[in-house]
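S.K.: how would this look folded up:
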Amino acid sequence: MSNSNSKLAVVTGAGVRLGKATAVKLAQSGYDVVVHYNSSLAPAQETAAAVEESGSRAHLVQADLSTEEGVDDLAKAVAGNSAELHVLVNNASIFYPTGSPEDWVENWDKFQMVNLKSPFLLSVKLLPLLRETKGCIVNIVDIWARFPLRRFLPYSVAKSGLEALTKSLALELAPDIRVNGVSPGAALPPPNSDDSMDKMLSQVPLQRYGGADSIAEAVEYLARAQYVTGQIIAVDGGRSINL
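M.R.: A predicted model of the protein is given here:
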């Protein structure tokens, strides 16, 4: 079990992809890590094992962030940890196309809850712990927050809200808590990627996927950047300057 001198980082959606890379990177930087997952138990266990291999402690926590009860469960688990909370990474997200107005309406609430409201609620619930350590929040946004992605209307709107939330919280919580965001572009091929994603990659000036580690490195930088707040760092291979 961690002791009160340990530094704790929380990474939501830490079982796979960007969340996994971020959890491991923070572990390598000396943080114990709350490895949050919803349904991806086996991948989350792999993340936890990688955290432990880095010499840090991993704490697996299951919670469904599409419900306020799930957010409460995660916040209570973090509060019950004896380590000091220094970093909250709001990474958990849902991403899938919604191509018609009927799809927009049907999926609106879920996208807003998982991608926007749950990061907001979790941040608020953990404020007392973060204030004690003058910690920080890092939100994983998306370049499509600023440049809407066709057929992803509820997703793009929710991520746009998360960018606004990042800047607003930075203003409201200064000087005690820093709040920043990382905005990935083509970090990894999405599951079931198709020819349209290959076309998108051809529009990335660096002409390659950045890899999950590129996002994790940006998060780790923001965790230690003591004079940076209210910023959204685009890690996108230059995609956002070629739109």
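
S.K.: Could you state which residue of this protein sits nearest its centroid?
M.R.: Nearest residue to the geometric centre of the chain (CA atoms, centre = their mean): N91, 1.7 Å.

S.K.: Longest helix in the protein, by number of residues?
M.R.: helix 153-173 (DSSP state H).

S.K.: check contacts around G70.
M.R.: N38, A63, D64, S118 (CB atoms under 8 Å, 6 or more residues apart in numbering). C-beta coordinates here come from the backbone N, C-alpha and C atoms, glycine included.

S.K.: redo that, cut-off 6 Å
M.R.: G70 makes contact with A63, D64 under the criterion CB atoms under 6 Å, 6 or more residues apart in numbering.

S.K.: Show me what counts as buried in the helix or strand encompassing it.
M.R.: In this structure, G70 sits in helix 68-79 according to DSSP states H and E. Going by neighbour count (16 or more other CB atoms under 10 Å), the buried part of helix 68-79 is G70, V71, D73, L74, A75, A77, V78.

S.K.: Helix or strand with the lowest mean pLDDT in this structure?
M.R.: Counting by mean pLDDT, DSSP states H and E, the chain has its least confident helix or strand at helix 195-201, which shows a mean of 67.

S.K.: ok, then the element right after it?
M.R.: helix 212-224.

S.K.: buried residues in that next one?
M.R.: When neighbours are counted by 16+ other CB under 10 Å, the buried residues of helix 212-224 are found to be A212, S214, I215, A216, E217, A218, V219, E220, L222, A223.

S.K.: State the distance from the second one to F120.
M.R.: S214 sits 26 Å away from F120 when distances are taken as CB to CB, to the nearest Å.
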